[in-house]
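> Okay, here's the prediction I keep looking at, along with the sequence it came from:
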Amino acid sequence: MYYYGITPNQLIQAMKGELEAIEYYERLIKMAPNREEANIIRAFYEDEKKHYNNFRRLYMMMTGRPPIILPVNKPKIKSYLQGIEQAILDELKAYEFYRDIYLSNINPYVRNTFFEAFTDENEHAAHLNYIYTKNKCK
């Protein structure tokens, strides 16, 4: 497993985070005040599914078996604006985690997988900041 430069536990953590984000964005899409914001969040939802599948594929390449991940809790979002604020923080946390794995790795497949994920997470945070600012100033 050294060849991959990442542990199965790190991948489980990444997959769990992606599943939580999928659930979270599914809820935020329903709370969005307009189609534009719902579509932006829906794109994040699709990215998170892609990341989950990429991490799952990598896990199976490493271990030869599918991952065992406990079901994630349903998100509790008090308000749309609070949900957007929390999503920004979660995206930045994921960005740092994925970036650190990318920077500490020499395996090209792992690096490409995590590069795509951390750049997407950073983009999500930027768009969420736009949504937050737009709604906060109303």
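Arrived safely.
> contact partners of stretch 101-114?
Outside of stretch 101-114, the residues within contact range by Cβ atoms under 8 Å, 6 or more residues apart in numbering are 3-6, 10, 14, 54-55, 58, 61, 98-99, 115, 118. Any C-beta I mention is one placed from the backbone N, CA and C, and that applies to glycine too.
> Closest one of these to residue 136?
Minimum distance to residue 136 across the contacts of stretch 101-114 is 26.2 Å, recorded for residue 118 (Cβ to Cβ).
> The closest one: which element?
Assigned by DSSP states H and E, residue 118 belongs to helix 108-136.
> hang on, the earlier thing: buried ones among the contacts of stretch 101-114?
With burial judged by 16 or more other Cβ atoms under 10 Å, the buried subset of those is 4, 6, 10, 14, 54, 55, 58, 98, 99, 115, 118.
> in terms of contact, does residue 51 touch residue 18 like I think?
Yes. Between residue 51 and residue 18 there is a contact at 4.9 Å, judged by Cβ atoms under 8 Å.
> So which bits of stretch 126-138 are buried?
127, 128, 131, 132, 135.
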